[in-house]
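A.B. asks: I need the structure of the sequence given here:
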Amino acid sequence: MRRYDDPVEVRKGLVGVDAGEGTSAIEGPEQFLWRGKLWKVRVVLAHWVETGSWWQSADARAVIGSDDTGPGDSTGDSTGDLAGDLLGERELWRVEAAAGMRRAPETEDAVPGGGVFDLSFDWADGTWQLVGCLD
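C.D. replies: All right, here's what the predicted structure looks like:
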């Protein structure tokens, strides 16, 4: 899967979820606009939530007595909020989508004109990003 960090516009709605023995519907990304192309979600393959890397914060290092600085840390006194780091979450959706309004493939294995995409929603600022693509 190729990694990206591209902003996307997402329209939410009821989408199918692959539940093994059948398909159910949940609210999730229904379609998204990426690089000027509209993609329609066929099915949600997975959905999960990730927290920020709180263990790399200056506050967490102070608790364990480590002087190591992590990437992106500045020198000097820590004014960060460990609770804020712990609460920082992003929601990820792995979806199968097709460009435009193409019909579903004839066979289960085929994904003509489509692919598998990882979409991320950041609760802190309310933005969506495409973070991975396998097409």
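A.B. asks: What strand or helix carries residue 50?
C.D. replies: Using DSSP states H and E, the element containing residue 50 is strand 37-51.
A.B. asks: same for that strand, what does it pack against?
C.D. replies: The contact analysis (3 or more Cβ pairs under 8 Å, 6 or more residues apart in numbering; DSSP states H and E) places strand 37-51 against strand 2-18, strand 23-34, strand 89-99, strand 114-122. Heads up, the C-betas are built off the backbone N, CA and C, glycines and all.
A.B. asks: Which residues in the first one does the neighbour count mark as buried?
C.D. replies: Burial within strand 2-18, assessed by neighbour count using 16 or more other Cβ atoms under 10 Å, is assigned to 4, 8, 10, 15, 16, 17.
A.B. asks: do stretch 54-68 as well
C.D. replies: 54, 57, 58, 59, 60, 61.
A.B. asks: Reformat those as CSV; add pLDDT.
C.D. replies: Conversion of the buried residues of stretch 54-68 to CSV gives the following (pLDDT from 0 to 100):
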residue, pLDDT
54, 72
57, 75
58, 78
59, 76
60, 75
61, 78
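A.B. asks: Pick the one among those residues closest to residue 120.
C.D. replies: Nearest to residue 120 among the buried residues of stretch 54-68, counting by Cβ to Cβ, is residue 54 at 17.7 Å.
A.B. asks: my read: that closest one touches residue 61, true?
C.D. replies: No. Residue 54 is beyond contact range of residue 61, at 10.7 Å (criterion: Cβ atoms under 8 Å).
A.B. asks: can you give me the angle the helix or strand hosting residue 130 makes with strand 114-122?
C.D. replies: Element membership of residue 130 [criterion: DSSP H and E] is strand 127-134. Put simply, strand 127-134 runs at 150 degrees to strand 114-122, going by axes from the mean of the first three to the mean of the last three Cα atoms, to 10 degrees.
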